[in-house]
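Visitor: Give me a model of this one.
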Amino acid sequence: MMHYTGTIWRPPYEAASLLLEVTAGCTHHRCRFCTLYAGLPFRFKMSPMEDIKADLIEAQKIYHSCGRKVSRVFLTGANPFVLKYEKLMEIAGLVHRYFPEIETIGSFARVTDVTLKTDQELDALRRAGYDGLTIGIETADDEALQFMDKGYFAKDILEQCGRLDQAGIRYSFFYLAGISGAGRGEEGAGATAAVCSKLHPVLIGVNMLTVCPDSKLYEEIRLGNWEEESEIEKYREVRALAEGLEIQTEFAALGASNAFQLYGDLPEDKAALLAEIDRIIETVKEDELREYRGNLHHL
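Guide: Residues are numbered from 1 along each chain as shown. Predicted coordinates:
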């Protein structure tokens, strides 16, 4: 039996990857909007190496017994890339021992996880197969980052992801529409587009903020300290983000938090994307979108 703890979260584009638990929970665990790991009896833990090894052996039997090969493994947990360089290299060694055909190793990561590695260590991790990290930057709006207690600012996104670019470690960003609050969404999107356009994310994935009653943000709203954007505002924000991006990247809104699925390659598909977002803004009613949001339980 594979060792999995609680709900296992993965990006939509990791559907074909082997999911290997190496951590559970989040080292930060302070973001005001997040409830993804609230049900765990601990804040963060690393899996014992014997469990990781046992899971790889079990997965090897399952995959190889039916003649399947796997080219990618995705390490689960909120931010496995926080682990020390030596531990990540040990995990890579096990992965390649039991699945020599695996080409890349991905995971979620926080911007602050990158600060813990030297440039030389990032280079070595890339050679060991680490590539395709998913980083939930959420926004590059410093005011929103501070209020939501993300633990970093726009300058940190630029510096640390620039180091990933230098090391050749590819990465995708998650953007959270609605995080800047009522009346500030398009401003936050513009700030984020400006930062992203100085970097090289292979994909920018848009999610839409869902405020859950058990979140710290819900209490801030109740106290009158923060006001939520309307659903139409969120789509105007997404439009501003897509319009402001000046790099070659994939633009995707594919997660369950999005009432409408959007995908395109920028800059080639920008006009079509903007036209589709305009159609949503002009034809879909706010109460329809609010009903969809009300039936969600997470971000």
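
Visitor: make it CA atoms for all contacts and neighbour counts henceforth
Guide: Noted.

Visitor: before we move on, which element is E121 in?
Guide: helix 119-127 (DSSP states H and E).

Visitor: Check which helices and strands that helix sits against.
Guide: With contacts defined as 3 or more C-alpha pairs under 8 Å, 6 or more residues apart in numbering; DSSP states H and E, helix 119-127 has these neighbours: helix 85-98, helix 154-167.

Visitor: Which of those helices sits closest to F42?
Guide: helix 85-98 (20.7 Å; C-alpha to C-alpha).

Visitor: which one in the chain is furthest away from the centre?
Guide: In the chain, S65 marks the outermost C-alpha relative to the chain mean, sitting 32.5 Å out by C-alpha atoms, centre = their mean.

Visitor: mind listing the strands for the chain?
Guide: Ranges of strands in the chain, per DSSP state E, are 18-21, 23-25, 44-46, 72-76, 104-109, 133-138, 171-177, 203-208, 249-253, 262-266.

Visitor: buried ones in the fourth one?
Guide: Using 16 or more other C-alpha atoms under 10 Å as the burial criterion, the residues of strand 72-76 that qualify are R72, V73, F74, L75, T76.

Visitor: Likewise for stretch 284-294?
Guide: L289, R293.

Visitor: returning to what we had before: Serialize the helices and strands packed on helix 119-127 to CSV and add fields for mean neighbour count, mean pLDDT and distance to I232.
Guide: Below are the helices and strands packed on helix 119-127 laid out as CSV (neighbours: other C-alpha atoms under 10 Å; pLDDT from 0 to 100; distance: least, C-alpha to C-alpha, whole Å):
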stretch, mean neighbour count, mean pLDDT, distance to I232
helix 85-98, 16, 98, 42
helix 154-167, 18, 98, 26
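
Visitor: CSV please, covering the ones you listed and showing distance to E229.
Guide: As requested, those are exported to CSV (distance: least, C-alpha to C-alpha, whole Å):
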stretch, distance to E229
helix 85-98, 40
helix 154-167, 22
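
Visitor: Nearest to P48, out of the ones you listed?
Guide: Closest among these, once you apply C-alpha to C-alpha, is helix 85-98, at 10.8 Å.

Visitor: Run the chain-centre distance for the closest one.
Guide: Put simply, helix 85-98 sits 23 Å off its chain's centre (C-alpha atoms, centre = their mean, to the nearest Å).

Visitor: which other residues reach it?
Guide: 49, 52-53, 56-57, 60, 81, 102, 105, 117, 121, 125, 128-129 (C-alpha atoms under 8 Å, 6 or more residues apart in numbering).

Visitor: how about those, which pair is most distant?
Guide: The widest separation within these (C-alpha to C-alpha) is 30.2 Å, between Q60 and K117.

Visitor: Which one of those two is surrounded by more residues?
Guide: K117 (19 against 16; other C-alpha atoms under 10 Å).

Visitor: Could you check how far the residue lying closest to the more buried one once chain neighbours are set aside is from A128?
Guide: Taking C-alpha to C-alpha, 6 or more residues apart in numbering, and ignoring the residues beside it in sequence, K117 has Y85 as its nearest neighbour in space, at 6.8 Å. Using C-alpha to C-alpha, to the nearest Å, we find Y85 at a distance of 11 Å from A128.

Visitor: Ok, G224 next?
Guide: In terms of C-alpha to C-alpha, G224 sits 49 Å off from A128.

Visitor: if you count what's nearby, which of these two comes out ahead?
Guide: A128 (19 against 9).

Visitor: That one and M46: what is the separation?
Guide: 20 Å.

Visitor: do the same with I102
Guide: Distance from I102 to M46, by C-alpha to C-alpha: 22 Å.

Visitor: Those two: who's more crowded?
Guide: Between I102 and M46, I102 has the larger neighbour count (other C-alpha under 10 Å), namely 18 against 14.

Visitor: Give me the pLDDT for that one.
Guide: Note on I102: pLDDT of 97.

Visitor: if I look at the nearest residue to it once chain neighbours are set aside, how far off is A16?
Guide: If the residues on either side of it in the chain are set aside, I102 comes closest to S71, at 4.1 Å by C-alpha to C-alpha, 6+ apart. In this view, S71 and A16 are 9 Å apart by C-alpha to C-alpha.
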